[in-house]
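Undergrad: how would this look folded up:
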Amino acid sequence: MADLLRNVVNWFTDAEKNLYEFLGFVPYCNEHINVWSPRLVTIFLDVCNQMDSLWSWEMDKNKTDTIGENPCIVDYFVQFGSDIAPKWAVF
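TA: Numbers count the residues shown, from 1 in each chain. Below you'll find the model as predicted:
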């Protein structure tokens, strides 16, 4: 379990580093609201895949009877949304 936690933290640290580097080239501001970049898409896809894997693992660990074989983002929201929503901020 400690190895898994360490890997998860490292994956998110890498994603955060990649986002920080990207924002060095394209700062987050109103002038860049319509900027599109394959690099930014890759960063978001990596993070979303990591989150999907973590939520799926958590649901499997808890053996939630109300969720089917292949949970999706809606299932994660139903299961974890009220606990997570007040604790996380996304921009």
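Undergrad: So the residue with the largest distance to the centre of the chain, which state does it fall into?
TA: In terms of distance from the mean C-alpha position of the chain, E31 ranks first, at 25.4 Å (Cα atoms, centre = their mean). Taken by DSSP: H, G, I helix; E, B strand; the rest coil, the conformation at E31 corresponds to helix.
Undergrad: Could you check how far it is from F44?
TA: Look at E31 and F44: by Cβ to Cβ, to the nearest Å, they are 20 Å apart. In short, each C-beta sits where N, CA and C put it, glycine included.
Undergrad: what does L19 give?
TA: 9 Å.
Undergrad: Please apply the same query to D14.
TA: 14 Å.
Undergrad: And the two? Which one has more around it.
TA: Higher neighbour count among D14 and F44: D14, with 14 against 11, using other Cβ atoms under 10 Å.
Undergrad: List the buried residues of the helix or strand harbouring the more buried one.
TA: Using DSSP states H and E, D14 maps to helix 2-25. Applying a neighbour-count criterion of 16 or more other Cβ atoms under 10 Å, one finds W11, A15, N18, L19, F22 buried in helix 2-25.
Undergrad: where's the helix or strand of the chain with the lowest mean pLDDT relative to the chain centroid, distance-wise?
TA: None of the helices or strands of the chain scores lower by mean pLDDT, DSSP states H and E than helix 73-84, at a mean of 84. Counting by Cα atoms, centre = their mean, to the nearest Å, helix 73-84 is centred 13 Å from the centre of its parent chain.
Undergrad: going forward can the numbers begin at 577, since that is how I track them
TA: Happy to do that; since the first residue is 577 now, the last one works out to helix 649-660.
Undergrad: And stretch 598-615, end to end?
TA: 8 Å (Cα to Cα, to the nearest Å).
Undergrad: Run through this protein and note the low-pLDDT ranges.
TA: 577, 580, 639-644, 664-667 (pLDDT under 70).
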